[in-house]
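Peer 1: Got a predicted structure plus its sequence, pasted below:
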Amino acid sequence: MSYHVEAFNAGAMLVGESPLWHHAEQTLYWVDIEGFAIHSLKPATEEHRKWPMASEPSALAIAGGGGLAVSTRAGFMHLNTGDGSLTAIAPAPYDTATTRFNDGKVDAAGRFWVGTIYEPRDKQAAEMFVLERGVVRTAWSGGMTNSNGLAFSPDGRAMYHADTAAHRVTRYDYDLASGTPSNPQVLHQFSADKASNYGGRPDGAAVDSEGNYWVAMFEGGRIAKLSPSGQLLGEIALPVRCPTMVAFGGADLKTLYITSASKRPAEELAQHPLSGHVLQVRMQVPGMPAPAYIG
């Protein structure tokens, strides 16, 4: 099928990431990692808000008591979206000189899962952490360079994760009661050949209500759709080369919001003037409301 993709916001982010639809507020939140800011836009009123950050923000979660839980290079923070105040939740459990938090999602039990990116990229030293009621634990270490693509199946029994540098999406069996992933299996191995029809690397992702996995293909100019068994079902072609993450939202959860990056070569920006914008496209199948982090 064909999709109509258009700009959602009027300004370009340096590295837009982590779109999060707050269903109760009918508002989209997202971050600009290298712009050191969190943004929000309410479609009904077009009200735009911005919260500057002292440390690069990456993943966002609805906080059960109000506001947002935010992963930053310096650690986990709580943002009071009413008065803009920030409160520390937990410090970074890694060396901030080489590592920062990256992609993250909340599971149905209220745990905030966030992986890291190891910036030297000379070894597979990224890690996965879980914030559970204010306490951070390590889920696994190593075996990846750039943690991305976190998502959970509608029934909560599967976790998905992408290692962007390896062009690979992995599926885990997930025990929601204990918050334990097991039995990792490759869901889909994307080609590293940039000339292939599905070029680019898997970045942020979301799962729809039918269990399909929609993943942004960074430098691929597209969103790829995978079935729960890993079959490549289709794509959404985009007017930007570097989408970073997707989230379902809107009143009916049938709008797919797509963040993107503009920290790119000048030639690419000239060819893709919407680079860095949040994009939107109407979908046939809705997503699911984002669960809240329980602090």
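Peer 2: Arrived safely.

Peer 1: And stretch 8-26, what's buried?
Peer 2: Applying a neighbour-count criterion of 16 or more other C-beta atoms under 10 Å, the buried positions in stretch 8-26 are 8-9, 11-13, 15-22. Where you see a C-beta, it was placed from the backbone N, CA and C, and this is true even at glycine.

Peer 1: Return the member of the residues you listed nearest to residue 43.
Peer 2: residue 8 (7.9 Å; C-beta to C-beta).

Peer 1: Can you report how many residues lie near residue 36?
Peer 2: Counted with other C-beta atoms under 10 Å, the neighbours of residue 36 add up to 17.

Peer 1: And for it, nearest residue in space, chain neighbours not counted?
Peer 2: Closest residue to residue 36 apart from its sequence neighbours, by C-beta to C-beta, 6 or more residues apart in numbering: residue 53 at 4.9 Å.

Peer 1: related to what we said a few turns ago, restricted to strands, list the buried residues of stretch 8-26.
Peer 2: Secondary structure assignment by DSSP state E places 16, 17, 18, 19, 20, 21, 22 of the buried residues of stretch 8-26 in strands.

Peer 1: Make JSON lines out of those and add distance to residue 284 and pLDDT.
Peer 2: Output for these, formatted as JSON lines (distance: C-beta to C-beta, whole Å; pLDDT from 0 to 100):
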{"residue": "16", "distance to residue 284": "25", "pLDDT": "98"}
{"residue": "17", "distance to residue 284": "26", "pLDDT": "98"}
{"residue": "18", "distance to residue 284": "25", "pLDDT": "98"}
{"residue": "19", "distance to residue 284": "19", "pLDDT": "98"}
{"residue": "20", "distance to residue 284": "22", "pLDDT": "98"}
{"residue": "21", "distance to residue 284": "17", "pLDDT": "98"}
{"residue": "22", "distance to residue 284": "23", "pLDDT": "98"}
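
Peer 1: for the stretch 101-250 of the chain, which spans come out with low pLDDT?
Peer 2: Scanning the stretch 101-250 of the chain for pLDDT under 70 picks out 194-198.

Peer 1: Which residue ranges of it form strands?
Peer 2: Across the stretch 101-250 of the chain, reading from the start of the chain, the strands by DSSP state E, counting those that start in this stretch fall at 112-118, 127-132, 135-141, 147-152, 158-163, 168-175, 180-189, 201-207, 213-218, 222-226, 232-237, 243-249.

Peer 1: Pull the residues that contact the second one.
Peer 2: Meaning strand 127-132. Contact partners of strand 127-132, identified using C-beta atoms under 8 Å, 6 or more residues apart in numbering, comprise 69, 71, 76, 89-90, 93-94, 99, 101, 110-116, 136-142, 147, 161, 179, 293.

Peer 1: same question, the fourth one
Peer 2: Counting by C-beta under 8 Å, 6+ apart, strand 147-152 makes contact with 102-105, 107-108, 113-117, 126-128, 158-164, 169, 174, 202-207, 213, 215, all of which sit outside it.

Peer 1: Of those, grab the buried ones for ChimeraX.
Peer 2: One line in ChimeraX is enough to select the buried members of the contacts of strand 147-152, burial here meaning 16+ other C-beta under 10 Å:
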select :102,103,104,105,107,113,114,115,116,117,126,127,128,158,159,160,161,162,163,164,169,174,202,203,204,205,206,207,213,215
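
Peer 1: give me the number of residues near the closest residue to residue 5 other than its chain neighbours?
Peer 2: Taking C-beta to C-beta, 6+ apart, and ignoring the residues beside it in sequence, residue 5 has residue 281 as its nearest neighbour in space, at 4.7 Å. Other residues near residue 281 number 18, with proximity taken as other C-beta under 10 Å.

Peer 1: And residue 219, by the same measure?
Peer 2: For residue 219, the number of neighbouring residues by other C-beta under 10 Å comes to 15.
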